[in-house]
Every structure is written in C-alpha cells, then in structure tokens.
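> please find the sequence and the predicted model below.
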Amino acid sequence: MSRSTSTRPDATVARPVPRVIGSGGGATHWDVVVVGARVAGASTALLLARAGVRVLVVDRARRGSDTLSTHALMRGGVLQLRRWGLLDRVAATGVPAIRRVTFHYGADSAQVSLRPYAGVDCLYAPRRTVLDGLLVEAAERAGAQFRFGLAVTDLARDPGGRVVGVVVRDQLGRRHVERADLVVGADGRQSVVAERLAPPVLAAGSGTGSYVYGYWPATGIDGYHWYYGHRVSAGVIPTNDGLACVFAGGPASDSHVDGRRERPALVLRSRLAGVDDGLAALTASAAEGGLRWFRGLAPRVRRPFGDGWALVGDAGSWMDPLSTHGMTDALRDAESLARAIVSGAASERAAAAAFRDYQARRDRVALRMHPLVDRLASHAWTHAEARELLRGLASLMADEVEEIAGLAPLAAASA
C-alpha cells in the first residue's frame, strides 16, 4: 500500500527571499534567468517579458525537441492559454477539440461531456513539439531571450550563499556564468537547479508508476479515454497529425521479470490486454517514432523559493503522469510565480510577501492533490477506490478553475 508523508516548515521561521528584480547591473546581468524552456519555463518567461522584466531562458535541449508527455490539458490549463491570448493559436495547429471524457473501470465505463464554463468549452492535448514551441515563440515576441544547447552545471553564489546566477556549458564544452537577480528552476522532474539547492521536501510519496508511451493513427477517437484495471492503467489521448498518444501504466516493480527489465513492447501489450481488448487492435502496428518508457518517480512537493531562487513546474512539484495534470500545473504555477516576481519588485518586504503567496497558491492545489495522486500511482486501488480518487481530483481541479478565472491581468513590473 502506498503511503504519503507530509512535512510543513514552521511558519514562524523567517525564510530568505529572492532579491528585488532590477537591483543588479551590467550588460550581462539579467533580472531573471529561467532554466528550462518547456511549458513551465517558457510560460514564466512569456509573462515576465510581457510585464517588462529582462529575462533569459537557457535549455540544454535543442529548439523544437520533443519530450515525454501525456499531452492532456485540463480545463485550468486551457483557461490559462485563453487568458494569455494563445488558445486560438493552439486550436489552429489542428489538434482535436475534446468535448467528452470516458472513464473505463474494468467492464464498466462512464462518460462525461464537457460543459462550457469559464470561457472553456473543450479541452486540447497538443504535442509538446507544438505547445512548447508556441510558448517559446510567444515569449520571444514579448522580448524574452532564449539560448538552446546550454546545459546548467551549477549555480553561482555570492560570499553569503545567495544564488546570483547559473554556470552553463555549451555544446563545445565551454563554460560561463549568466548572472541574475533571480534564478528560476523550470528544468523538470530531474531538475539540476533543485538538486543543487536541495530545498526541503514538503510532501513525499511512495506510489511509483511506470509507463510505456507511443503514438498510433487514431482518427475518429471520441475524446479522452482513461482505463483502470487490476494493477494496470492506460490512456488514449487524441493529439496532432491524426495521432493518439497511448500509454500503459502499472507499478514500477512490475516492469521487472527475473531481475531483468522487460522490453517496452511486451509490457505495453500485456498491460493493454489487462484493460481493454480493443486497445490491442489500435496498437497492433508499430508505433510512429517508436516506444518510450518512463520507469517511475514517486510524487513529491518541494519548497519553491529561497535566497535568490525559485522553482516552478515539475522542479518544484512533481505529480505522477496518471494525474494527467502536469502541464496544467505548470501553466497555473508559471502565472503565480510571475505575479510574485513582478509584485515583489518594489522592496524586499514586498518580495517576501509575494513569494509566500506564490507558495500558498501552489500548495492549495499541490498538497491536497498529492496524496490522491500518490495513491493512484501505486496501482493498488480497487475500481471503486479509483473512482473516489478521481472524484477528489476533479473537485480540486474545479477549485483551481475558480481561482484562475478570478485573476486580474498581470501588471507591469514597478522596478
């Protein structure tokens, strides 16, 4: 059985806060350096640049590269893209509009039709090459600078230990420092920034799922389909180019046989057969681009800010893929962090309050969602328990939409 543990820092302990933006100087000194150009990092850079903040984004990957993802945006994520003026661009890529979600529990199924609410009447599941690229282009138009092919190897610190920049290495092995008033770690679940900082973990789970992913031609699939079987899960998510992302999940421990890792194709077939025979027919041909395997990482929530740094997206709060909420988390938290940076620009006191508010906003969702996702990731639930866990997640997502819908537009930085 999966168990979740949670620890909260003493609210009376004073925490260091990031420096007020605009306090540095020099031609190569940035207000903010963001590490990672995926959904969390590119969105943060977009909003900061629109607010007049001088921001640099570095990413070790090449521009336009793909990444492992379930692709599915929940209503809160779609709402964010609409608020930022980007939803029409997403729809124009040809990604199917999703208006129905079907949950399969063994032989039973339940369909949910999406009702228009908060300006959202459908969901989308864009390929990451599409969504990430769209966000980068929008951020560049707003004035953010991006440098791909730069790997962050360490953090630069002043004599007092405050983070003052990042040490980067280019593809030729040359190193240099990019200095900033604030470093934002948006570099995913294996964040180098978070590893160097080792911030306190506020919640640590033990449920660890492993997943095999692939893409197959799947025109005509009616919406998202989620499957919950005995120690297995699966999903079919229509995405760009007439393809569907199909994944099959299970406990990470079940991906080993006699001490050896099974081949992904064997794991996929075995798991899909455990939820629906029709999925075997859908995936009978070779996957376009091959199969990818994510072998598991337990959910965790880290403290998201400190002395000259902040974390956003999976770097700060990692949820198992079965939550299907990672991209929506990233979009929501990117705006919360951008608001904290901008509203905290006036003074150290303003920054302290703003970053505490950033954490509080994130934790209202993350710490409540964490034990539900941790239990889902264990794959040790019954069908009845899976239904209850998903109802709990749906309730939290509804609260999330209410909060996002009530946000005013982000103001310009005062510094």
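Cool, the structure landed.
> and the strands in the stretch 1-150 of the chain?
Under the criterion DSSP state E, counting those that start in this stretch, strands of the stretch 1-150 of the chain are mapped to 5-6, 29-35, 55-59, 100-105, 108-113, 145-148.
> let me have those strands in CSV, adding distance to residue 272 and mean pLDDT as columns.
Where C-beta positions appear, they are placed from N, C-alpha and C, glycine not excepted. Formatted as CSV, the entries for the strands of the stretch 1-150 of the chain read as follows, by distance: least, CB to CB, whole Å; pLDDT from 0 to 100:
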stretch, distance to residue 272, mean pLDDT
strand 5-6, 33, 44
strand 29-35, 37, 97
strand 55-59, 34, 98
strand 100-105, 12, 96
strand 108-113, 16, 95
strand 145-148, 36, 98
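> among those strands, which is nearest residue 334?
Checking the strands of the stretch 1-150 of the chain against residue 334 by CB to CB gives strand 29-35 as the closest, at 9.7 Å.
> and the closest one, what does it pack onto?
Taking 3 or more CB pairs under 8 Å, 6 or more residues apart in numbering; DSSP states H and E as the contact definition, the neighbouring helices and strands of strand 29-35 are helix 39-50, strand 55-59, strand 163-169, strand 175-185.
> closest to residue 81 out of the ones you listed?
The minimum distance between residue 81 and those falls on helix 39-50, with 9.3 Å, by CB to CB.
> can you pull the pLDDT of residue 345?
For residue 345, the model assigns a pLDDT of 90.
> what about it, how many residues close to it?
Per other CB atoms under 10 Å, the neighbour tally for residue 345 reads 23.
> same thing with the one 10 residues further on?
Other residues lying near residue 355 total 24 when counted by other CB under 10 Å.
> returning to what we had before: let's have the helices and strands packed on strand 29-35 in TSV, adding distance to residue 373 and mean neighbour count.
Formatted as TSV, the helices and strands packed on strand 29-35 follow (distance: least, CB to CB, whole Å; neighbours: other CB atoms under 10 Å):
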stretch	distance to residue 373	mean neighbour count
helix 39-50	17	29
strand 55-59	26	25
strand 163-169	29	22
strand 175-185	21	23
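> distance to residue 75 for the ones you listed - can I get that in CSV?
What follows is the helices and strands packed on strand 29-35, written out as CSV (distance: least, CB to CB, whole Å):
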stretch, distance to residue 75
helix 39-50, 16
strand 55-59, 27
strand 163-169, 35
strand 175-185, 26
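> among those, which is nearest residue 113?
Among the helices and strands packed on strand 29-35, the nearest to residue 113 by CB to CB is helix 39-50 (26.8 Å).
> and the closest one, C-alpha only, in PDB?
The C-alpha coordinates for helix 39-50 follow below in PDB (Å, rounded to 0.1, in the frame of the first residue of the first chain):
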ATOM      1  CA  VAL A  39       5.800  24.600 -20.600                       C
ATOM      2  CA  ALA A  40       6.700  25.900 -17.100                       C
ATOM      3  CA  GLY A  41       9.800  27.800 -18.100                       C
ATOM      4  CA  ALA A  42       8.500  29.300 -21.400                       C
ATOM      5  CA  SER A  43       5.200  30.400 -19.800                       C
ATOM      6  CA  THR A  44       7.100  32.100 -16.900                       C
ATOM      7  CA  ALA A  45       9.300  33.800 -19.400                       C
ATOM      8  CA  LEU A  46       6.400  34.900 -21.500                       C
ATOM      9  CA  LEU A  47       4.500  36.500 -18.600                       C
ATOM     10  CA  LEU A  48       7.600  38.200 -17.200                       C
ATOM     11  CA  ALA A  49       8.600  39.600 -20.600                       C
ATOM     12  CA  ARG A  50       5.100  41.000 -21.100                       C
END
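> who are the packing partners of it?
By contact count (3+ CB pairs under 8 Å, 6+ apart), the secondary structure elements abutting helix 39-50 are strand 29-35, strand 55-59, helix 128-142, helix 326-343.
> and residue 188, how many neighbours?
Counted with other CB under 10 Å, the burial measure for residue 188 works out to 23 neighbours.
> I misspoke; the intended subject was residue 106.
Other residues lying near residue 106 total 15 when counted by other CB under 10 Å.
> try the one 5 residues further on
Neighbouring residues of residue 111 were enumerated by other CB under 10 Å; the total is 11.
> got a list of what it touches?
Contact criterion CB atoms under 8 Å, 6 or more residues apart in numbering gives 100, 101, 102, 103 as the residues in contact with residue 111.
> from residue 227, how far out is it?
According to CB to CB, to the nearest Å, residue 111 stands 14 Å off from residue 227.
> cool, residue 78 as well?
Applying CB to CB, one obtains 23 Å for the distance of residue 78 from residue 227.
> phi and psi next, for the nearest residue to residue 350 once chain neighbours are set aside.
Leaving aside its chain neighbours, residue 350 sits nearest to residue 344 (4.9 Å; criterion: CB to CB, 6 or more residues apart in numbering). Note on residue 344: backbone dihedrals following degrees, to the nearest 10 are phi -90, psi 0.
> sounds good, over and out.
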